[in-house]
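S.K.: how would this look folded up:
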Amino acid sequence: MLIQTVGSGLGFYNMAVYINRLSAELAVPVSDISFAVSLFFVVGGVAGLYVAALLARFNVRTIMIAGALLAGTALGLVGWATQVWQVYGLFSLFGVGNAGISLVVATTLITQWFPGAERSMALALTSTGLSLGGVVLTPLSAYWLNSIGVSDTMPLLGLLLVLLVVPLCFLVRQPPGSAVSPSAQTMDNNAALLTSAVNSRFFVFMALAYVLTMAAQVGGIAHLYSRVEQITDYQTAAFAVQVLSICSISGRFFGGWLVSRIPIRWFALGNLCLQVLGLICIALAPNGAFAVLAAGLFGLSVGNLLMTQPLWLAEIYPPQIYARVFARANAISVTGVAMGPYGMGLIFDAFGGTTYTQPYLAGVMLSAAALAIVFFTSSPARIKTFRDVTPEKTEA
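M.R.: Numbering: from 1, shown residues only. Below you'll find the predicted structure:
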């Protein structure tokens, strides 16, 4: 939880602040810096595929320490960037490093340590860090960036990441029964099972739904700071991001309890409806107070939708291929994560850079499309369960 707090606070949630301040510092359009954020997510998603493979060959602690060192170094060097292309390169390296300490590693550890009914609450507690980072680190980052500037703040944030995460990595333990360097026979069997899994109907349609969901969600989060600052001030904008994070935390704990008592399908559909409603309210917010309330409503869905994907995949697919199945699902959904901030930035610039109503309404349409896909393709009769099925008997 603590590692996710630092990784998401300085990465995921801070992207809204980075877009705002780097755009002003380098005197470039919002869409240019939004593209740097997109690179962070895309490169990180692709790197997650390799991290999943490395988890079968190296101790998880080694992977996490290397990721933290790379992420912290890249983030710190952003403070000395003078050209947009330099920001692009550094955000890409930041994404690679962050992949070593983020969701692929965390969800793999949790699903292997907690194979039973307690998994949903364990994952809820662990992934609380994703939102806690927005509560703790985003207001601090916004204050530093506004008071001492980009060039001094970014090295501080990079150093903070390394100093906080690396000591925590020494507390991480390899999950029981997770073999490092498995036999060639086992690797061949798992490869066949993995191929069948990622070609299944459920995987394909859920991956598509999450591309749309993450495009709307991350785009909405990335531009929330700028959206609220546009109608109030930077303190209220930072508070809105903080409220979103707090509601994401509280919603996730309730969701961790609820998802063990209702079908996960209805849990996913309910949270998608919340996302649609939250984005509509942010788009039409007439003042700062309403925008803060809308951010809270939106936040109730954020943590639960992030938690739903790994839980659902762990329920459908066997543990020996889970890390690579989730890494592939995450890499696909990252295309939506990347398109969201950049697409909203393009729409914002296209309408003269004066209003965020149109970008957020575009997010509403993407969320509604994801809701329709999940509803029509996730009924129990349509889902093929792969757990305890041998590769020879598994059908795509």
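
S.K.: only C-alpha atoms from now on, for both contacts and neighbour counts.
M.R.: Will do.

S.K.: for the stretch 201-350 of the chain, just list every one of the strands.
M.R.: Using DSSP state E, counting those that start in this stretch, the stretch 201-350 of the chain contains no strands.

S.K.: which stretches of it have low pLDDT?
M.R.: Judged against pLDDT under 70, the stretch 201-350 of the chain has no low-scoring part.

S.K.: list of residues touching the helix or strand encompassing residue 363?
M.R.: Using DSSP states H and E, the element containing residue 363 is helix 357-377. Applying C-alpha atoms under 8 Å, 6 or more residues apart in numbering, the external contacts of helix 357-377 come out as 202, 205-206, 208-210, 212-213, 215-217, 219-220, 265, 269, 272-273, 275-277, 279-280, 282-284, 340, 343-345, 347-348.

S.K.: ok, now stretch 103-110?
M.R.: So stretch 103-110 is contacted by 48, 51-52, 55, 60, 99, 119, 122-123, 126, 174-175, 310, 322-323, 326-327, 330 (C-alpha under 8 Å, 6+ apart).

S.K.: again, 7 Å this time
M.R.: 48, 52, 122, 123, 175, 310, 323, 326, 327 (C-alpha atoms under 7 Å, 6 or more residues apart in numbering).

S.K.: and the furthest pair within these?
M.R.: 48 and 122 (21.6 Å; C-alpha to C-alpha).

S.K.: contacting residues around residue 300?
M.R.: Applying C-alpha under 7 Å, 6+ apart, the residues contacting residue 300 are 247, 248, 251.

S.K.: could you rerun that using 10 Å?
M.R.: Residue 300 sits next to 244-252, 254-255, 271, 274-275, 278 when contact means C-alpha atoms under 10 Å, 6 or more residues apart in numbering.

S.K.: next: residue 11.
M.R.: Neighbouring residues of residue 11 by C-alpha under 10 Å, 6+ apart: 4-5, 18, 37, 40-41, 71, 75, 91, 94-95, 98, 102, 130, 133-134, 137-138, 161.

S.K.: what's the offset of the helix or strand harbouring residue 66 from the middle of its chain?
M.R.: Element membership of residue 66, judged by DSSP H and E, is helix 60-77. Computed by C-alpha atoms, centre = their mean, to the nearest Å, the chain-centroid distance of helix 60-77 equals 18 Å.

S.K.: tell me which other helices or strands the following helix or strand past that helix touches.
M.R.: Sequence order places helix 84-99 as the next helix or strand after helix 60-77, per DSSP H and E. If you count contacts as 3 or more C-alpha pairs under 10 Å, 6 or more residues apart in numbering; DSSP states H and E, helix 84-99 packs onto helix 2-10, helix 15-26, helix 30-54, helix 60-77.

S.K.: mind putting the ones you listed into a markdown table with mean neighbour count, mean pLDDT and distance to residue 191?
M.R.: Shown next, in a markdown table, are the helices and strands packed on helix 84-99 (neighbours: other C-alpha atoms under 10 Å; pLDDT from 0 to 100; distance: least, C-alpha to C-alpha, whole Å):
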| stretch | mean neighbour count | mean pLDDT | distance to residue 191 |
| --- | --- | --- | --- |
| helix 2-10 | 25 | 89 | 29 |
| helix 15-26 | 21 | 81 | 36 |
| helix 30-54 | 24 | 82 | 11 |
| helix 60-77 | 22 | 93 | 21 |
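
S.K.: please convert these to CSV, extending it with distance to residue 297.
M.R.: As requested, the helices and strands packed on helix 84-99 are arranged in CSV below (distance: least, C-alpha to C-alpha, whole Å):
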stretch, distance to residue 297
helix 2-10, 20
helix 15-26, 18
helix 30-54, 24
helix 60-77, 31
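
S.K.: which among these is found nearest to residue 304?
M.R.: Each of the helices and strands packed on helix 84-99 has some distance to residue 304 by C-alpha to C-alpha; the shortest is helix 2-10, at 15.4 Å.

S.K.: so that closest one versus helix 15-26, what angle?
M.R.: 40 degrees (axes from the mean of the first three to the mean of the last three C-alpha atoms, to 10 degrees).

S.K.: any idea which element residue 135 lies in?
M.R.: helix 119-147.

S.K.: just after that helix, pick out the following helix or strand.
M.R.: Later in the chain than helix 119-147, the nearest helix or strand by DSSP H and E is helix 150-169.

S.K.: for that next one, which residues meet the burial criterion?
M.R.: Neighbour-count burial for helix 150-169 flags 150-151, 153-159, 161-162, 164-166, 169 (criterion: 16 or more other C-alpha atoms under 10 Å).

S.K.: quick one: residue 320 and residue 333, what's the gap?
M.R.: 22 Å (C-alpha to C-alpha, to the nearest Å).

S.K.: on that earlier part again, out of the contacts of stretch 103-110, which one sits closest to residue 32?
M.R.: Nearest to residue 32 out of the contacts of stretch 103-110 is residue 48 (C-alpha to C-alpha; 24.6 Å).

S.K.: for residue 245, see how far away the nearest residue in space to residue 114 that is not next to it in sequence is.
M.R.: Once flanking residues are discounted, residue 114 sits nearest to residue 122: 7.3 Å by C-alpha to C-alpha, 6 or more residues apart in numbering. Separation of residue 122 from residue 245 (C-alpha to C-alpha): 19 Å.

S.K.: the two: who's more crowded?
M.R.: Using other C-alpha atoms under 10 Å, the more surrounded residue of residue 122 and residue 245 is residue 245, with 32 against 18.

S.K.: what's the closest non-adjacent residue to that one?
M.R.: Closest residue in space to residue 245, ignoring its immediate chain neighbours: residue 131 at 4.7 Å, by C-alpha to C-alpha, 6+ apart.

S.K.: what's the longest helix in the protein?
M.R.: Across the chain, the longest stretch assigned as helix under DSSP state H is helix 319-350.

S.K.: any buried residues in that one, and which?
M.R.: For helix 319-350, a neighbour-count test (16+ other C-alpha under 10 Å) marks 319-349 as buried.

S.K.: for the residue nearest to residue 114, what are its contacts?
M.R.: Residue 122 touches 107, 110, 111, 113, 114, 128, 253, 256, counting by C-alpha under 10 Å, 6+ apart.
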